[in-house]
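[1] only the shape, not the letters, is given here:
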């Protein structure tokens, strides 16, 4: 039995938010955009279609929930979700809040410029607002 | 009752492949990458979380299936899936086959360079291979 381990690059670039039933929810440490990452704790999964149908459903629910929460907490205009993984192959889903005038709007966030880390207080505050919103949605997460 | 209509920009940039039970499957008319688009025929949907839970599940299945088929047909290395919609707000999901050395690898495809249309014969051939692969998976689509 191999135990799931978070890819070290994802670990280095993100801050922990919550352990959902299927996926670890993390905050990209980049204050240019409110940017969550969901990492299903499934050993060896690279593509969404590597997951079982049940896992796919759960991941899609948790992704939608993360999107709803980012929109609610940041009042952004549009959610961008993606599973790309050309560099880090461990399956991870991006959930990013976008708004007119943000860095590279309306272009994509991936590969744009240089990551700008949060002040630790700002990160803690945003994480607290996200986990608060998650509390209210707890019944929805399987 | 408002009837669903494909956004005219999506219509102009893509070629029809198949009408799946929830979503229209289309080929981005850009030969730089094998690039499918799924458009759920749900009036007014902009975000994945605008869909009902059942629709989310079906979209996630159809997206996974499209990814499996692109990988099988093109033998690409990695599937990129995304719902972005910063410009065209009608909900649409990108499913793109990526491989080392392709245009902008490993960066994202969105906003990169200029679309290069297929020769119509090449497009027809690729669409035929995709619909053939879909035939074999028909039982899986709800």
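    Cool, the structure landed. Everything quoted here is computed from the prediction, not taken from an experiment.
[2] report all helices and strands that the helix or strand hosting residue A:130 contacts.
    Per DSSP states H and E: residue A:130 is located in helix A:120-136. In terms of contacts (3 or more CB pairs under 8 Å, 6 or more residues apart in numbering or on different chains; DSSP states H and E), helix A:120-136 is packed against strand A:14-19, strand A:23-28, helix A:53-74. (Each C-beta comes from the backbone N, C-alpha and C, glycine too.)
[3] for it, what is the average pLDDT?
    What helix A:120-136 shows for mean pLDDT is 96.
[4] one step back: I'd like the helices and strands packed on helix A:120-136 as JSON lines, with mean pLDDT appended.
    Below are the helices and strands packed on helix A:120-136 laid out as JSON lines (pLDDT from 0 to 100):
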{"stretch": "strand A:14-19", "mean pLDDT": "98"}
{"stretch": "strand A:23-28", "mean pLDDT": "98"}
{"stretch": "helix A:53-74", "mean pLDDT": "96"}
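[5] so can I have a markdown table of the ones you listed showing mean neighbour count and distance to residue A:8?
    Output for these, formatted as a markdown table (neighbours: other CB atoms under 10 Å in any protein chain shown; distance: least, CB to CB, whole Å):
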| stretch | mean neighbour count | distance to residue A:8 |
| --- | --- | --- |
| strand A:14-19 | 16 | 11 |
| strand A:23-28 | 22 | 13 |
| helix A:53-74 | 20 | 22 |
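[6] and the residue nearest the centre of chain A, what's its pLDDT?
    The centroid of chain A falls nearest to residue A:37 when counting by CA atoms, centre = their mean (1.8 Å). You'll see residue A:37 listed with a pLDDT of 98.
[7] list the helices and strands the helix or strand hosting it packs on?
    In this structure, residue A:37 sits in strand A:35-40 according to DSSP H and E. Contacts defined by 3+ CB pairs under 8 Å, 6+ apart place strand A:35-40 against strand A:23-28, helix A:53-74, strand A:93-98.
[8] got CSV for the helices and strands packed on helix A:120-136, with distance to residue A:129 too?
    Below are these laid out as CSV (distance: least, CB to CB, whole Å):
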stretch, distance to residue A:129
strand A:14-19, 10
strand A:23-28, 11
helix A:53-74, 5
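[9] looking at these, which is closest to chain B?
    helix A:53-74 (3.7 Å; CB to the nearest CB).
[10] how about the nearest residue to residue A:40, chain neighbours excluded?
    Of all residues not flanking residue A:40 in the chain, residue A:23 sits nearest, at 4.6 Å (CB to CB, 6 or more residues apart in numbering or on different chains).
[11] what's near enough to touch the one you found?
    Contacts for residue A:23 (CB atoms under 8 Å, 6 or more residues apart in numbering or on different chains) come out as A:38, A:39, A:40, A:41, A:59, A:62, A:93.
[12] could you do residue A:9 as well?
    A:87, A:88.
[13] next, the buried residues of the helix or strand containing it.
    Residue A:9 is part of helix A:8-13, with elements assigned from DSSP H and E. For helix A:8-13, the neighbour count (16 or more other CB atoms under 10 Å in any protein chain shown) marks A:10, A:13 as buried.
[14] what's the average pLDDT for it?
    Rounded mean pLDDT across helix A:8-13 is 98.
[15] having no further points to raise, I will conclude here.
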